[in-house]
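Novice: I need the structure of the sequence given here:
(one chain, ligands or ions: 1)
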Amino acid sequence: MIPRDHPRYRSLVARERLARCAREGVVALEGLAAHGRGEAFDYLIGEKTTRSAALAERTAAAMLLSARHAVISVNGNTAALAAAEIAALQRASGADIEVNLFHRTEERMEQIIRLLTEHGARVLSGNAERIVPLSHDRALSLPEGIGDADLVLVPLEDGDRCAALRKMGKTVITIDLNPLSRTARTANLTIVDEVTRAIPAITAACTTLEPGEGERLIASLDNTYLLRAAIDEMRENLSHALE
Ligand code: ATP
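Specialist: This is a model prediction of the structure:
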């Protein structure tokens, strides 16, 4: 049992959950390494939602709500960390959910779909085809899901899939604590925040956007500004680290 008053309680709980999910096969071992990279950047950002991330989260809500067909693409780490939060975002935004895995096996696909379903999500399933221009299994997508989407939310993505989705003309929103990653720099909108903070914030914004606010947010979206603001925040935290 991790004591609730431990100063790193949230981080330890997340690690414990990821380790359990790795033992069960939901999370790939490589996913644990990816989480470690995220944790390091979360430390630098102060383990909080910054003002610029909050702006990105409201903008993401506006984009999800105004899309013709929004799809949330879920991988093992996202399902392990935020299954209930993804289900709540689906209810608030009306987006479809599709599972997409780097280390894809039928068994892992089923496990992740089951985990999401147990938390109240409705997950698309069917015959995946090589729709996204990539040479590995992340190309596999549902024609009626990511294949048809005009907007895809890809938390914790990797750079070449993000670029391939953009090449297909899709709008891509990502959640990535590393503002320097290829994904962060390739997406239309990057939320530099931890996934379990970011998803509930997008969900909350879906129900609190004022009339006209969504259009204004979308019109003024500047991803380079958002990435720069995250880097500035990290630089600021570093320069005060030993005070
Ligand atoms: P890229 O290919 O985009 O340059 P990468 O090779 O680092 O990035 P991955 O190894 O797939 O891509 O890692 C996924 C990204 O997700 C990493 O940049 C990491 O910082 C981020 N990340 C990991 N865990 C979390 C989390 N819990 N919340 C938000 N971001 C996270």
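Novice: Run through the residues of the chain sitting next to the ligand.
Specialist: When proximity is defined as Cβ under 6 Å from any ligand atom, the chain approaches the ligand at 34-35, 37-38, 41, 81, 156, 158-159, 175-178, 181-183, 194-195. Where you see a C-beta, it was placed from the backbone N, CA and C, and this is true even at glycine.
Novice: Filter those down to the ones in strands?
Specialist: Ile175 (DSSP state E).
Novice: List the contacts of Arg51.
Specialist: Contact analysis of Arg51 by Cβ atoms under 8 Å, 6 or more residues apart in numbering lists Ala229.
Novice: What about it? Give its phi and psi, please.
Specialist: Backbone geometry at Arg51, expressed as degrees, to the nearest 10, gives phi -60, psi -40.
Novice: For it, report the pLDDT, please.
Specialist: Arg51 carries a pLDDT value of 97.
Novice: what about Ile72, how many residues close to it?
Specialist: 29 (other Cβ atoms under 10 Å).
Novice: Name the SS class of Ile72, please.
Specialist: Three-state call for Ile72 (DSSP: H, G, I helix; E, B strand; the rest coil): strand.
Novice: closest point of the chain to the ligand, which residue?
Specialist: When distances are taken as Cβ to the nearest ligand atom, the chain reaches nearest to the ligand at Gly38, 2.5 Å away.
Novice: mind pulling up the phi and psi values for the nearest residue to that residue once chain neighbours are set aside?
Specialist: Of all residues not flanking Gly38 in the chain, Leu177 sits nearest, at 4.6 Å (Cβ to Cβ, 6 or more residues apart in numbering). Per-residue torsions, Leu177: phi -70, psi -20 (degrees, to the nearest 10).
Novice: need the contact list for Leu177.
Specialist: 37-38, 41-42, 45, 192-194 are the contacts of Leu177 under Cβ under 8 Å, 6+ apart.
Novice: Might you list the low-confidence residue ranges for this structure?
Specialist: For the chain, no stretch is flagged by pLDDT under 70.
Novice: can you give me the helices for it?
Specialist: With DSSP state H as the criterion, the chain has helices at 9-24, 29-45, 51-66, 76-93, 106-118, 159-167, 182-186, 195-208, 213-219, 223-239.
Novice: and the first one with helix 29-45, angle?
Specialist: Spelled out, that is helix 9-24. 170 degrees (axes from the mean of the first three to the mean of the last three Cα atoms, to 10 degrees).
Novice: Residue numbering should commence at 224 henceforth.
Specialist: Noted, 224 is the first residue going forward, which turns the last one into helix 232-247.
Novice: Give me the distance from helix 232-247 to the chain's centre.
Specialist: 18 Å (Cα atoms, centre = their mean, to the nearest Å).
Novice: Could you do the fourth one as well?
Specialist: Taking the mean C-alpha point of helix 299-316 and that of its whole chain, the gap between them comes to 9 Å (Cα atoms, centre = their mean).
Novice: Just the CA coordinates for it, please, in PDB.
Specialist: Taking C-alpha atoms only, helix 299-316 is exported to PDB below (Å, rounded to 0.1, in the frame of the first residue of the first chain):
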ATOM      1  CA  GLY A 299      -1.800   0.700 -23.800                       C
ATOM      2  CA  ASN A 300      -0.400   3.400 -21.600                       C
ATOM      3  CA  THR A 301      -3.400   5.700 -22.100                       C
ATOM      4  CA  ALA A 302      -5.800   2.900 -21.300                       C
ATOM      5  CA  ALA A 303      -3.900   1.900 -18.200                       C
ATOM      6  CA  LEU A 304      -3.700   5.400 -16.800                       C
ATOM      7  CA  ALA A 305      -6.900   7.000 -17.900                       C
ATOM      8  CA  ALA A 306      -9.600   4.500 -19.000                       C
ATOM      9  CA  ALA A 307     -12.400   6.100 -16.900                       C
ATOM     10  CA  GLU A 308     -11.300   9.600 -17.900                       C
ATOM     11  CA  ILE A 309     -11.400   8.600 -21.600                       C
ATOM     12  CA  ALA A 310     -14.900   7.300 -21.200                       C
ATOM     13  CA  ALA A 311     -16.000  10.500 -19.500                       C
ATOM     14  CA  LEU A 312     -14.500  12.500 -22.400                       C
ATOM     15  CA  GLN A 313     -16.400  10.400 -24.900                       C
ATOM     16  CA  ARG A 314     -19.600  11.200 -23.100                       C
ATOM     17  CA  ALA A 315     -18.900  14.900 -23.000                       C
ATOM     18  CA  SER A 316     -17.600  15.200 -26.600                       C
END
